[in-house]
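J.: sequence and predicted model, in that order:
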Amino acid sequence: MPYHTDKKEKPKKSMTLKQAIEKFEEMKNKPKANMMSSGRLSKRQKDLMKTHSEHHSKLHLDLMKYLMTKKNYCFEISHELTMKIAGK
């Protein structure tokens, strides 16, 4: 028989995109932007994001898109940063 307690654990509140962006801005030693962006994802980036979406949350994908379009990071670097900030 499993052990039960009377305490109810609060569900973990998920991070919002705004909070994730603030966390990114507070980061120290960020890599330099390495791409030029037109403000939109390229066809290759869209295709990568489509296959990437099978394994990651909406927050993860939205933060990556923000980093690629607004902050001019490539797919790989934006993925690394997003994993540090928002996780999977």
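T.: Received it, and whenever you're ready, just let me know what you need. Residues are numbered from 1 along each chain as shown.
J.: okay, now the unreliable bits of the chain?
T.: Filtered on pLDDT under 70, the chain yields the residue ranges 1-13.
J.: contacts for the helix or strand that L59 is a member of next, please.
T.: With elements taken from DSSP states H and E, the one containing L59 is helix 58-69. For helix 58-69, the surrounding residues in contact (Cβ atoms under 8 Å, 6 or more residues apart in numbering) are 14-17, 20-21, 24, 35, 37, 39-41, 45, 49, 52-53, 73-75, 77-79, 81-83, 85-88. (C-beta placed from N, C-alpha, C; glycine too.)
J.: just stretch 74-88 next, same as before
T.: 15, 20, 23-24, 27, 30-31, 34-35, 45, 48, 52, 55-57, 59-60, 63-64, 67-68, 71, 73.
J.: this structure: helices as residue ranges?
T.: Under the criterion DSSP state H, helices of the chain are mapped to 17-26, 43-52, 58-69, 75-85.
J.: for N29, grab the count of nearby residues.
T.: Neighbourhood size, N29 [other Cβ atoms under 10 Å]: 4.
J.: can you list phi and psi of it for me?
T.: Phi and psi for N29, reported as degrees, to the nearest 10, are phi 60, psi 40.
J.: what of the one 10 residues further on?
T.: Summarising the backbone geometry of G39 under the convention degrees, to the nearest 10, its torsions are phi 90, psi 0.
J.: please name the nearest non-neighbouring residue to it.
T.: T69 (5.6 Å; Cβ to Cβ, 6 or more residues apart in numbering).
J.: just give me the neighbour total for that neighbour.
T.: By the measure other Cβ under 10 Å, the count of residues near T69 is 17.
J.: and F24, by the same measure?
T.: For F24, the neighbour count with other Cβ under 10 Å is 19.
J.: contacts only, for it.
T.: With Cβ under 8 Å, 6+ apart, F24 has these contacts: 30, 63, 67, 81, 85.
J.: now the two most distant members of those residues.
T.: Using Cβ to Cβ, the pair of those lying farthest apart is K30 and L63, separated by 13.6 Å.
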